[in-house]
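Student: Sequence and predicted structure, then a few things I'm wondering about:
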Amino acid sequence: MRACPTQAIRVKDGKAKVLPDLCIDCGLCLKACQSGAIQATTRSFAEIDKFRYKVAVPSPVLFGQFPISISPAHIVAGLKDLGFDAVWDFTVELALVNRAIRDYVEKWDGPHPLLSVSCPVIVRLVQVSYPAMIDQLVRIQTPRELAGRELKRRYSDELGIDPDEIAAIYITPCQAKTISILKPAEGAKSNLEGALGISDVYNDMLAVTHSLEDEETNVPSKSLVCSAEMLRWSISRGQGSILSRHRYMSVTGLSNVIQVFDDIEKGKLRNIEYLECDACWGGCIGGNLTVDNTYVTLSKVHRLISGLPDSDPELEAEVQKRYPNEDFSLKGQVRPRTAEKIVGSLKERVKRIKAEEVVIKALPGLDCGLCGAPTCKTFAKDVAEGNARQKECFFLSGECAKQLRKTYLRKKKKRSEGES
Amino acid sequence: MAEELLKKVYQVHGRDFDKAGETATEIKKLLKDIGVDSGVVHRVVIIAFEAEMNVVMYAAEGTVTLVLTDEEINLEIVDKGPGIEDIEMALTEGFSTATDQMREMGFGFGMGLPNIRRNSDGFDIESKVGTGTTVSAMIRLDSSA
């Protein structure tokens, strides 16, 4: 409950509830919750099986998850063994998006800084908490979405099948990207059919890749991951190399991003043109569906990058060919999500705020959370809005203590009985 | 006459760079909670922040008073500071009397007062050298940026 940066969780009768208007899909609750009450939304293998041709679109993060002896080629073989017909390398799409963003930044004459949209949590944070900055989100599609579009075009041509029979499945480092695929913030339809978490596929893949480790795989040597650009995307400051001529800044970790956004709102950050923001600390390698420790992954990614050329001529040629002919702009419109919360006239709203202030004065200010709200302030707000009663505060009534004892001591008893 | 709905007074302490910006943050939270249009909040926050910074940089202490009516938001910033000698000059973009030290901290680019004026629908400044300065800014609630 306290892990939630937008105070969207309330606990009533021992059960956590999420207020959907406030939730930004960041997944911090997933990491914090020990009991497994909150779970990530991903696809099951059964759902994917109904498609005729299944293509895995692995996030660059995947390549840093395995022991260093397992090469990207092994990882591709491992994905195919899971039942995928093909594995899509989106290095080209990454390069295309990088270029599109650079051009977007160069042409932009609106308010600065522009904000990256690759992390869906950031997009939702802006929608919910910083609606005045919504025009600063770069209106360029993400590489994963472009990959979905391109691979369907390519395989339906090559194989002569309907694009609807192809499933593009993202192998994701976090649940937020799954949600962005199933329910895009901009209201358009995603080019991907869903996502599997890295942690969903890791164990099966590890077994397969280990068995392949010693033999030469029949994956062509010109395999995935032939330039450093792709791997850089998975770590923070990844876009620095293409935007270094611009006033660029990278922020990772949701609380840090919120701090920087507050400064932007005050007009304090005047000299930054482009801000790359990731909700997870360290970038996507810190996602909540990853397996390996963020620091270990970072070290492995750096090692992989050092062994790769900065760019690849074949890839460069492909980018040159596709860039002028494709549309990279974001479909649909990202709209603020705060409007849903406004209830009553201005006068009534001010009255509610004043009532809230009266309630706060009566509360202990300890933010103990026993009432089910994360802070005394959010509790006061709930009371003023009629969603909670003041006597639910532990300090203001004995009834609350009784109720809590009933809920939690019984639960504990049940659990220990179950164990024995 | 517009009906006054809410009045808040915030204290700002001069030279307290550590806490500078807190008033602006509090005002932002308050107006967001009330559900004021986000474009209006944005402008009020910029005004409050710039004004707060002016107090922190030049004055010993000051107050920011926020008055919300059913039509507009009024901000009045009163400080006990050195006062401004040439107001016309102070309103010129880029003009600044900030010290190098202030600039090193990222302030004092001569955009404060011009920024306040640009973001408000009504603006007034009065100053007396040796006594202090009063800045008043008004933002209409129906005027999205």
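Tutor: Now that the structure is in, tell me what you want to look at. Numbering: from 1, shown residues only, chains lettered A, B, ... in the order given.
Student: Near residue A:328, how many other residues are there?
Tutor: 20 (other Cβ atoms under 10 Å in any protein chain shown). For every residue, glycine as well, the C-beta is placed using N, CA and C.
Student: Any figure for the gap between it and chain B?
Tutor: 28 Å (Cβ to the nearest Cβ, to the nearest Å).
Student: ranges for the strands of the chain?
Tutor: Using chain A. A:9-12, A:15-18, A:53-58, A:86-87, A:114-115, A:166-172, A:194-197, A:248-252, A:274-278 (DSSP state E).
Student: Switch to chain B, please.
Tutor: Using DSSP E, strands in chain B cover B:4-13, B:61-69, B:72-79, B:122-128, B:132-140.
Student: if I look at residue A:106, how far off is residue A:232?
Tutor: Here residue A:106 is placed at a distance of 20 Å from residue A:232 (Cβ to Cβ, to the nearest Å).
Student: in chain A, which helix or strand is least confident?
Tutor: Lowest on mean pLDDT, DSSP states H and E among the helices and strands of chain A sits helix A:240-243, with a mean of 67.
Student: In space, what's closest to residue A:350 - neighbours in sequence excluded?
Tutor: residue B:5 (4.5 Å; Cβ to Cβ, 6 or more residues apart in numbering or on different chains).
Student: what's the distance between the closest residue to residue A:156 other than its chain neighbours and residue B:31?
Tutor: Excluding the flanking residues, the one nearest residue A:156 by Cβ to Cβ, 6+ apart is residue A:163, at 4.6 Å. Distance of residue A:163 to residue B:31, given as Cβ to Cβ: 48 Å.
Student: go on, residue A:200?
Tutor: In terms of Cβ to Cβ, residue A:200 sits 43 Å off from residue B:31.
Student: Bridged to the nearest residue to residue B:67 once chain neighbours are set aside, which residues?
Tutor: Nearest residue to residue B:67, sequence neighbours excluded (Cβ to Cβ, 6+ apart): residue B:74, at 4.4 Å. Residue B:74 has these beta-bridge partners by DSSP bridges: residue B:67, residue B:138.
Student: The residue nearest to residue A:350 against residue A:346, yeah?
Tutor: Yes: Residue B:5 is within contact range of residue A:346, at 7.0 Å (criterion: Cβ atoms under 8 Å).
Student: what touches both of these two?
Tutor: residue B:70 (Cβ atoms under 8 Å, 6 or more residues apart in numbering or on different chains).
Student: Tell me who's in contact with the residue nearest to residue B:67.
Tutor: Counted by Cβ under 8 Å, 6+ apart, residue B:74 has contacts B:65-67, B:136-138.
Student: got the residues of chain B near chain A?
Tutor: Neighbours of chain A within chain B, by Cβ under 8 Å from any Cβ of the partner chain: B:5-6, B:21, B:24-25, B:28, B:30, B:32-36, B:38-39, B:41-42, B:45-46, B:49-50, B:68, B:70, B:106, B:109, B:115, B:141, B:145.
Student: Pull the contacting residues for the closest residue to residue A:186 other than its chain neighbours.
Tutor: Distances taken as Cβ to Cβ, 6+ apart place residue A:332 nearest to residue A:186, at 3.7 Å, with adjacent residues excluded. Residues in contact with residue A:332 (Cβ under 8 Å, 6+ apart) are A:184, A:186-188.
Student: what about the nearest residue to residue A:51 once chain neighbours are set aside, distance to residue A:193?
Tutor: Excluding its sequence neighbours, the residue lying closest to residue A:51 (Cβ to Cβ, 6+ apart) is residue A:167, at 3.5 Å. Counting by Cβ to Cβ, the gap from residue A:167 to residue A:193 is 4 Å.
Student: before we move on, what about residue A:1?
Tutor: In terms of Cβ to Cβ, residue A:1 sits 33 Å off from residue A:193.
Student: Residue A:232 is in contact with residue A:305, correct?
Tutor: Yes: between residue A:305 and residue A:232 a contact is recorded at 6.6 Å, counting by Cβ under 8 Å.
Student: could you dump stretch A:124-137 to PDB, C-alpha only?
Tutor: Extracted C-alpha coordinates of stretch A:124-137, given in PDB (Å, rounded to 0.1, in the frame of the first residue of the first chain):
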ATOM      1  CA  ARG A 124       0.400   7.100 -17.600                       C
ATOM      2  CA  LEU A 125       2.100   9.200 -14.900                       C
ATOM      3  CA  VAL A 126       1.900  12.300 -17.200                       C
ATOM      4  CA  GLN A 127      -1.800  11.400 -17.900                       C
ATOM      5  CA  VAL A 128      -2.700  11.100 -14.200                       C
ATOM      6  CA  SER A 129      -0.400  13.600 -12.400                       C
ATOM      7  CA  TYR A 130       1.100  16.000 -15.000                       C
ATOM      8  CA  PRO A 131      -1.600  16.600 -17.600                       C
ATOM      9  CA  ALA A 132      -0.200  20.100 -18.400                       C
ATOM     10  CA  MET A 133       2.900  18.300 -19.800                       C
ATOM     11  CA  ILE A 134       1.000  15.900 -22.100                       C
ATOM     12  CA  ASP A 135       2.000  17.800 -25.300                       C
ATOM     13  CA  GLN A 136       5.600  17.200 -24.300                       C
ATOM     14  CA  LEU A 137       5.400  13.500 -24.800                       C
END
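Student: Give me the pLDDT value at the closest residue to residue A:389 other than its chain neighbours.
Tutor: In space, and not counting its chain neighbours, residue A:389 is closest to residue A:383: 6.8 Å by Cβ to Cβ, 6+ apart. At residue A:383, the model reports a pLDDT of 90.
Student: can you check residue B:68 too?
Tutor: 92.
Student: Give me the most central residue, chain B.
Tutor: With distances taken as Cα atoms, centre = their mean, residue B:51 lies nearest the centre of chain B, 2.7 Å away.
Student: Please verify my assumption that it contacts residue B:75.
Tutor: Yes: counting by Cβ under 8 Å, residue B:75 is a contact partner of residue B:51 at 7.0 Å.
Student: Which of the contacts of residue B:74 ranks first by neighbour count?
Tutor: residue B:137 (24 neighbours).
Student: Which stretch among the strands of chain B approaches residue A:118 most closely?
Tutor: Among the strands of chain B, strand B:132-140 comes nearest to residue A:118, with 34.6 Å by Cβ to Cβ.
Student: So for the residue nearest to residue A:155 when sequence neighbours are not counted, what pLDDT did the model give?
Tutor: Of all residues not flanking residue A:155 in the chain, residue A:166 sits nearest, at 5.6 Å (Cβ to Cβ, 6+ apart). You'll see residue A:166 listed with a pLDDT of 91.
Student: Near the residue lying closest to residue A:110 once chain neighbours are set aside, how many residues? Count them for me, please.
Tutor: Distance criterion Cβ to Cβ, 6+ apart; nearest residue to residue A:110, sequence neighbours excluded, is residue A:135 at 6.0 Å. By the criterion of other Cβ under 10 Å, residue A:135 has 13 neighbours.
Student: Can you report how many residues lie near residue 79?
Tutor: As the question left the chain open, I've gone with chain A. That count, for residue A:79 with other Cβ under 10 Å as the rule, works out to 26.
Student: if you could check chain B rather than the one you did, that'd help
Tutor: Applying other Cβ under 10 Å, I find that residue B:79 has 25 neighbouring residues.
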